[in-house]
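S.K.: Requesting a structural model of the entry that follows:
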Amino acid sequence: MKIKELRQKSKSEMQKLLQDSREKLRQLNFDLAGGKVKNVKGIHQAKKDIARILTLEKQEETKAKS
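M.R.: Coordinates of the predicted model:
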């Protein structure tokens, strides 16, 4: 997901996306250990999505304090 798309989402939508991304990453890691995953790019993408969401949350928190 692109950063521009994430900025347009509400806080509750971002929390839902974060939860879904973490669940997706957990499932991909589990499948990787079981030998079911051929495309490991999905793991990388899930990690990047989580990082983007957390970064935006931190930026909003910092803005609110200012």
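S.K.: For the rest of this, base every contact and every neighbour count on C-alpha atoms.
M.R.: Noted.
S.K.: May I see the buried residues of the host helix or strand of residue 4?
M.R.: Under the criterion of DSSP states H and E, residue 4 resides in helix 3-7. Across helix 3-7, burial judged by 16 or more other C-alpha atoms under 10 Å covers residue 6.
S.K.: Could you check how far that helix is from the centre of its chain?
M.R.: Put simply, helix 3-7 sits 12 Å off its chain's centre (C-alpha atoms, centre = their mean, to the nearest Å).
S.K.: residues in contact with it?
M.R.: 14, 52, 53, 56 (C-alpha atoms under 8 Å, 6 or more residues apart in numbering).
S.K.: Filter those residues down to the buried ones.
M.R.: 14, 52, 53, 56.
S.K.: Out of those, which two are the most distant from each other?
M.R.: Across the buried ones among the contacts of helix 3-7, the longest distance by C-alpha to C-alpha is 10.2 Å; it joins 14 and 52.
S.K.: Which parts of this structure are helices?
M.R.: Assigned by DSSP state H, the helices in the chain fall at 3-7, 11-33, 41-65.
S.K.: quick one, what contacts the spatially most central residue of the chain?
M.R.: Centrality entry for the chain: nearest residue to the mean C-alpha point is residue 50, 2.4 Å, by C-alpha atoms, centre = their mean. Contact partners of residue 50, counting by C-alpha under 8 Å, 6+ apart, are 18, 21, 22.
S.K.: Could you pull out the buried residues of stretch 4-23?
M.R.: Within stretch 4-23, judged by 16+ other C-alpha under 10 Å, the buried ones are 6, 14, 17, 18, 21, 22.
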